[in-house]
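# next one to model:
(chains A and B)
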Amino acid sequence: NAGVTQTPKFQVLKTGQSMTLQCAQDMNHNSMYWYRQDPGMGLRLIYYSASEGTTDKGEVPNGYNVSRLNKREFSLRLESAAPSQTSVYFCASNPGQGARNSPLHFGNGTRLTVT
Amino acid sequence: GDSVTQMEGPVTLSEEAFLTINCTYTATGYPSLFWYVQYPGEGLQLLLKATKADDKGSNKGFEATYRKETTSFHLEKGSVQVSDSAVYFCALSELSGGSNYKLTFGKGTLLTVNP
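Have a look, this model is predicted:
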């Protein structure tokens, strides 16, 4: 039972570099999410994909882009990394539409440091 | 908009002590309420949930009751263990545009239990 798998686990970037965080789920879930977690800020939603083929901005989308490659995969791209993007990034999924009571399933996170 | 406010940590307790972590919410409708737990180095996982007023969610000795009159969902455990040391997040799920449900998190409370 892999659940939600994120790669890489750790990454260090220099300011201005780009990278893509990968996420895949094997639970046949419709909806997928990207959050960032910062000390004292809780979790903030960056982007989400309610279903395959759709993506929408969350609370803090600036500086990021996403791609819902297929039903399983949802990637997050930083085109030009900034120190303010130093954070722990979590991907999550749930069954989706109409799933009011369905919890999110989280990956183990990617710890990103931008110097 | 929706919001979740939970008591700030850190909370430090001795083993077998009683735990309460307060959580209050604001929402326009009738949300579902959740407690998530994050162990060191891991993603969040669902601890318990309640979907309507007066429901009690429970799991692993933890309990929380959905109190609509006080808009609260306080987490309690009668006797904590060292293995309960983690960050606890209160969250609500409510309809947000069409049939998509949005999850709003509190900022998290760090619990440390000493032997």
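
# pLDDT (mean, whole number) over stretch A:48-61?
For stretch A:48-61, the mean per-residue pLDDT is 90.

# so is residue A:93 in a helix, a strand, or just coil?
strand (DSSP: H, G, I helix; E, B strand; the rest coil).

# quick check: closest non-adjacent residue to the residue in chain A that chain B sits nearest to.
Using C-beta to the nearest C-beta, the closest approach of chain A to chain B is made by residue A:106 at 3.3 Å. (Glycine included, C-beta is placed from N, CA and C.) By the measure of C-beta to C-beta, 6 or more residues apart in numbering or on different chains, the closest residue to residue A:106 outside its immediate chain neighbours is residue B:43, 3.3 Å from it.

# ok, back up a step: quick check: the residue of chain A closest to chain B touching residue B:44?
Yes. Assessed by C-beta atoms under 8 Å, residue A:106 is found in contact with residue B:44 at 4.6 Å.

# who touches both of the two?
A:90, A:92 (C-beta atoms under 8 Å, 6 or more residues apart in numbering or on different chains).

# compare these two (neighbour count), which wins?
More neighbours surround residue B:44 than the other of residue A:106 and residue B:44, with 29 against 23 (other C-beta atoms under 10 Å in any protein chain shown).

# just the CA atoms of the longest strand along chain B, as CSV, please.
Counting residues, the longest strand found in chain B (DSSP state E) is strand B:86-95. Coordinates of the C-alpha atoms in strand B:86-95 are reproduced here as CSV (Å, rounded to 0.1, in the frame of the first residue of the first chain):
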residue,chain,number,x,y,z
ALA,B,86,3.4,14.9,17.6
VAL,B,87,1.9,17.9,16.0
TYR,B,88,-1.9,18.0,16.0
PHE,B,89,-4.0,19.9,13.4
CYS,B,90,-7.7,20.7,13.6
ALA,B,91,-9.4,21.1,10.2
LEU,B,92,-12.8,21.7,8.7
SER,B,93,-14.2,20.7,5.3
GLU,B,94,-16.9,22.8,3.7
LEU,B,95,-18.3,23.2,0.2
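
# many thanks, have a good one.
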